[in-house]
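Visitor: Predicted model follows, preceded by the sequence.
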Amino acid sequence: MGMNIKDEQVHAMARELADRRGTSVTNAVRQALRAELNRCRTAAPGQEEAARREALHQLLSRCRDLPWPNQRSSSELQSELYDETGLPA
């Protein structure tokens, strides 16, 4: 049973993955396909993007809630890095 993939870029990627993993091209492709199939099984179609979007929104919300040091803006903190002549302080 064989596959005939006629895309040189795909062959190059398979060889690179095999080299990085120290395995054969066949085994590298097998591992990559198995990992992708497992990833696809964990999320229903369309839900993966929604889950990533929700995780990103949660992260952004947490970042927005972080306090600025000494309640100063980023421009105020940045201005302290330089003296009145523009040289690093």
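Guide: Thanks, I have it. Numbering: from 1, shown residues only.

Visitor: what residue ranges in the chain score low on pLDDT?
Guide: When residues are selected by pLDDT under 70, those of the chain lie in 43, 45.

Visitor: Quickly note the distance from the residue sitting nearest the centre point of the chain to Arg41.
Guide: Central residue check for the chain by CA atoms, centre = their mean: the C-alpha nearest the mean position is that of Arg52, 11.2 Å away. For Arg52, the distance to Arg41 equals 17 Å [CB to CB, to the nearest Å]. (Each C-beta comes from the backbone N, C-alpha and C, glycine too.)

Visitor: and what of Arg62?
Guide: Distance check for Arg62 against Arg41: by CB to CB, it reads 29 Å.

Visitor: got it, and Arg30?
Guide: 16 Å.

Visitor: Show me which of those two is the more surrounded one.
Guide: Arg30 (12 against 8; other CB atoms under 10 Å).

Visitor: sec struct for the more buried one, please.
Guide: Reduced to three states with DSSP: H, G, I helix; E, B strand; the rest coil, the structure at Arg30 is helix.

Visitor: going forward can the numbers begin at 896, since that is how I track them
Guide: Noted, 896 is the first residue going forward, which turns the last one into Arg925.

Visitor: So it versus Gln953, what's the distance?
Guide: Distance from Arg925 to Gln953, counting by CB to CB: 35 Å.

Visitor: do Asp914 as well
Guide: Distance from Asp914 to Gln953, counting by CB to CB: 37 Å.

Visitor: cool, and Thr918?
Guide: Relative to Gln953, Thr918 is positioned 37 Å away (CB to CB).
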